[in-house]
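Undergrad: Fold the following and give me the result.
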Amino acid sequence: MTQRDASPLPAAVDELWRRRAELSPADAEARAVVVSAVDMLDGGKARVAEVSPTGEVVVDERARRAVMLAFRVLGMARSQVGDFHHHDRLPLKTSVDGVRVVPGAIARWGAYLARGVVLMPSFVDIGAHLDEGSTVDTWVSIGSCAQIGKNVHLAGGVGVGAAGGQDGEEGSDAAGEPPRAAPAVVEDGALIGRRAVIAEGARVGRGAVVGAGTILSGSTPVVDVRTGEELGRGRVPDWCVVAGGTRRREFPGGTFGLRCVLVLERLEEGRRPGGAELDRMLHGHG
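TA: Numbering: from 1, shown residues only. Modelled structure (predicted):
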């Protein structure tokens, strides 16, 4: 993870961050700066993180700060959508041109939804970025600042972690700075199986298939089953099929299995296996 040298957001965000303990919803000037910055995230003119041409996750720290500052400068407000009443600091997203939003889907202001995105009943938090053609299935939760690429499929019940703490408010470390874990990133063409979790700091590569129930955090070992080699931590390689597994470790109290992610198959770039073939890869039958 690297930090972006220049941000499209105003430097005033950094000044507000330095004195954030003094801020409140009564500070109209600070609120105007933060609202303008989050509007840029909402419209896709800025984003918290992206994958650079060299393959690194580049984070715009100023954008992440703007997300967290929104919870300081926005007061609680009541709103209503149809028969549903809300009481929150953040309004719901209103610009959904070209997006299919099924009743029951919730997207907060500050989340970017590109054309062709499909939202089944699900939740998308502030600062998240969903690129063209991605499908968010039922009961998916996409946390603040998560980055979802083009033509990604998030199956039912998937959780994509937030970067910045619960609801963006508890994300500061002991030094008063935002957390240094990169936002969760799911790259173009990936398929994330039902009930899988992609936590903050984790990354799923292009075209990868993540089996149902897999849990990937930024520190989860990723192991090639053919060689036993640990390929790294927290990152699923491009164009492979993975599933959750365990590795045995010896402890004074006995031998226990610690969670890891197993690379089961390597795919040719651009090829997505059919259902029966994928079932065989993941479960050894079909």
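Undergrad: mind listing what Asp39 touches?
TA: Neighbour list for Asp39: empty [criterion: Cβ atoms under 8 Å, 6 or more residues apart in numbering]. C-beta: built from backbone N, CA, C; applies to glycine.
Undergrad: so it sits in a helix?
TA: Yes - assessed by DSSP: H, G, I helix; E, B strand; the rest coil, Asp39 belongs to a helix.
Undergrad: any idea how far it is from Val204?
TA: Using Cβ to Cβ, to the nearest Å, we find Asp39 at a distance of 29 Å from Val204.
Undergrad: Same check on Gly133?
TA: 16 Å.
Undergrad: who's more crowded, the two?
TA: Neighbours per residue (other Cβ atoms under 10 Å) separate Gly133 from Val204, with Val204 holding more: 31 against 17.
Undergrad: Which strand or helix spans Gly201?
TA: Following DSSP states H and E, there is no helix or strand that holds Gly201.
Undergrad: which residue packs closest to it, ignoring adjacent ones?
TA: Of all residues not flanking Gly201 in the chain, Gly218 sits nearest, at 2.5 Å (Cβ to Cβ, 6 or more residues apart in numbering).
Undergrad: Spatially central, which residue of this protein would that be?
TA: Against the mean C-alpha coordinate of the chain, by Cα atoms, centre = their mean, the closest residue is Ala146 at 2.2 Å.
Undergrad: need the contact list for that one.
TA: Counting by Cβ under 8 Å, 6+ apart, Ala146 touches 125, 127-129, 160-163, 183-186, 198.
Undergrad: Backbone dihedrals for the residue nearest to His85 when sequence neighbours are not counted, both of them.
TA: Here the nearest residue to His85 in space, its sequence neighbours aside, is Arg78; by Cβ to Cβ, 6+ apart that works out to 6.8 Å. The phi/psi pair for Arg78 (degrees, to the nearest 10) reads phi -90, psi 140.
Undergrad: Then the one 10 residues further on?
TA: Comment: the main-chain dihedrals of Asp88 come out as phi -160, psi 170, following degrees, to the nearest 10.
Undergrad: Is it bridged to anything, and to what?
TA: Assessed by DSSP bridges, Asp88 has beta-bridge partners Ala77.
Undergrad: Also Gly245?
TA: For Gly245, the beta-bridge partners under DSSP bridges are Cys260.
Undergrad: do the same with Leu119
TA: Val101, Val136.
Undergrad: pretty sure it is touching Val99, no?
TA: Yes - the pair Leu119 / Val99 is scored as a contact, 6.8 Å apart, by Cβ atoms under 8 Å.
Undergrad: Those two - which one has more neighbours?
TA: A direct count of neighbours by other Cβ under 10 Å for Leu119 and Val99 places Leu119 higher, at 25 against 17.
Undergrad: which ones are touching the more buried one?
TA: Going by Cβ under 8 Å, 6+ apart, Leu119 touches 99-102, 105, 107, 113, 136.
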